[in-house]
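1. Provide a 3D model corresponding to the input given below.
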Amino acid sequence: MVADQLTAARAQPSPAQGRPREIEEALNFHVIHPMSRAVATALIPTGVSPNTVSALGVVMMALACACYLSLPWPWAALVGFLFHVGWHVFDGADGDLARRTGRSSTNGEIVDGVCDHLSHLILYLTLGWLVSRQLGGWAWAVTAASAASRALHATAYESARRNYRRWVHNVGWLRQNLGAAERTASASLWGRLSTGLGRIYLGMSRLVSADDREVDAAMAAALASGGARAEAARKVYAARQRPLVKLASALSTNWETVGVFLSLLAGSGLYFLVFQAVALNLVMAAVVLAERRNYARIVGELEAL
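-> The predicted structure is shown next:
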């Protein structure tokens with residue numbers, strides 16, 4: 001029985017359960033996610049929880065930042081980059097482990113988000129300290145603007161990606177699951193805190209996404225009818241939203257990591273901070289405008305089915 005369970009857990013998750021290939025970034029598909037799957041496979045027999053893996057991601061980011069702070073150029077950028085990639089590996093391994101061992105949960109999704117934000121708090125405090133040593137105290141204002149932008153960028157990208165998975169592959173996420181989690185949450189401090197953090201995240205999601213209430217209602221009605229109409233609705237949504245999700249991937253943490261590496265290799269984290277606070281905010285605005293147009297078109301096409 002135990003052997004059968006381990007064999008089932010080691011099986012690769014289907015795209016519908018995990019990461020749809022059509023919207024997956026090349027760097028993730030070819031590098032990060034194979035490494036994450038290998039880590040998850042190695043951890044399955046140990047009984048290590050997905051939440052522990054999320055916490056290990058924070059450790060990897062702390063080690064990356066220790067390198068950025070303490071090693072001489074160019075080793076600070078080079079070695080720190082390796083640990084930074086390690087953060088991505090563990091960030092992917094926690095979800096992979098959860099799916100393959102049947103431990104996916106709203107609570108785990110919230111823990112993953114908390115660990116992500118804690119990791120990036122460490123990163124931006126490090127970048128702010130490095131830049132302030134070069135340029136003085138005003139560098140902290142640039143760092144704060146960049147860090148706030150990063151939180152919004154990540155939320156915009158993840159919201160677009162997860163909505164795509166919801167309507168095309170029938171994979172729910174925090175937006176659908178938080179209500180049930182709140183009803184079953186314990187009265188403990190963590191139960192109240194986790195659901196509160198979930199609400200904050202969804203509020204941020206609404207801030208950096210177009211209003212999708214009409215397209216949600218239209219998609220729900222089309223899928224409820226079943227059969228050919230439901231399949232056609234999924235195809236309509238996928239055709240419209242797939243290019244937008246690919247555009248939004250420019251806001252992902254993959255390119256943040258590459259940007260930090262190149263900026264530090266060039267001699268200052270300021271280059272990255274300014275680029276993120278200016279150029280990537282323009283990309284985010286373009287994503288929201290494209291979503292608004294897409295949603296109107298999707299609703300029209302669904303009404304014509």
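2. what's the pLDDT at residue 2?
-> If you check residue 2, the pLDDT there is 36.
3. same check on residue 249?
-> Reported pLDDT for residue 249: 93.
4. correct me if wrong: it contacts residue 25.
-> Yes: the criterion here is Cβ atoms under 8 Å, and residue 249 meets it with residue 25 at 5.2 Å. Bear in mind the C-beta positions are built from the backbone N, C-alpha and C, glycine included.
5. helices of the stretch 1-150 of the chain, start to end?
-> 2-10, 26-27, 33-43, 50-70, 75-100, 106-135, 139-169 (DSSP state H, counting those that start in this stretch).
6. can I get those helices in JSON lines with mean neighbour count and distance to residue 275?
-> Listed next are those as JSON lines, based on neighbours: other Cβ atoms under 10 Å; distance: least, Cβ to Cβ, whole Å:
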{"stretch": "helix 2-10", "mean neighbour count": "11", "distance to residue 275": "41"}
{"stretch": "helix 26-27", "mean neighbour count": "13", "distance to residue 275": "18"}
{"stretch": "helix 33-43", "mean neighbour count": "18", "distance to residue 275": "26"}
{"stretch": "helix 50-70", "mean neighbour count": "20", "distance to residue 275": "17"}
{"stretch": "helix 75-100", "mean neighbour count": "22", "distance to residue 275": "16"}
{"stretch": "helix 106-135", "mean neighbour count": "19", "distance to residue 275": "12"}
{"stretch": "helix 139-169", "mean neighbour count": "20", "distance to residue 275": "9"}
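7. lowest average pLDDT across those helices?
-> Among the helices of the stretch 1-150 of the chain, helix 2-10 scores lowest, with a mean of 42.
8. what is the orientation angle of the longest helix along the chain with helix 139-169?
-> The longest helix of the chain (DSSP state H) is helix 270-303. Here helix 270-303 points in a direction 30 degrees away from that of helix 139-169 (axes from the mean of the first three to the mean of the last three Cα atoms, to 10 degrees).
9. tell me the angle helix 270-303 makes with helix 106-135.
-> Using the same axes, to 10 degrees: helix 270-303 against helix 106-135 is 140 degrees.
10. and helix 270-303, what's buried?
-> For helix 270-303, a neighbour-count test (16 or more other Cβ atoms under 10 Å) marks 270-274, 276-277, 280-281, 283-284, 287-288, 290-291, 294-295, 298-299, 301-302 as buried.
11. same question, stretch 254-271
-> Residues of stretch 254-271 classed as buried: 254-257, 259-261, 263-264, 268-271 (neighbour count, 16+ other Cβ under 10 Å).
12. let me see the mean pLDDT of that stretch.
-> Rounded mean pLDDT across stretch 254-271 is 96.
13. can you list contacts of it?
-> For stretch 254-271, the surrounding residues in contact (Cβ atoms under 8 Å, 6 or more residues apart in numbering) are 25, 27-28, 32, 68, 73-74, 76-78, 80-81, 84-85, 87-88, 123, 127, 130-131, 134-135, 139, 142, 150, 249, 272-273, 275-276.
14. and what of stretch 198-212?
-> 106, 109-110, 113, 151-153, 155-156, 158-160, 163, 174-175, 178, 181, 284, 288-289, 291-292, 295.
15. how far does that stretch sit from its chain's centre?
-> How far stretch 198-212 lies from its chain's middle: 14 Å, per Cα atoms, centre = their mean, to the nearest Å.
16. can I get it in CSV, CA atoms only?
-> What follows is stretch 198-212, C-alpha atoms only, in CSV (Å, rounded to 0.1, in the frame of the first residue of the first chain):
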residue,chain,number,x,y,z
GLY,A,198,-5.8,36.0,1.5
ARG,A,199,-8.3,38.9,1.4
ILE,A,200,-5.4,41.4,1.1
TYR,A,201,-4.0,39.5,-1.8
LEU,A,202,-7.3,39.3,-3.6
GLY,A,203,-7.7,43.1,-3.0
MET,A,204,-4.4,43.7,-4.7
SER,A,205,-5.4,41.4,-7.5
ARG,A,206,-8.5,43.5,-8.2
LEU,A,207,-6.3,46.6,-8.1
VAL,A,208,-4.1,45.4,-10.9
SER,A,209,-6.6,43.5,-13.1
ALA,A,210,-9.4,44.6,-15.3
ASP,A,211,-13.0,44.2,-14.0
ASP,A,212,-13.9,40.6,-15.1
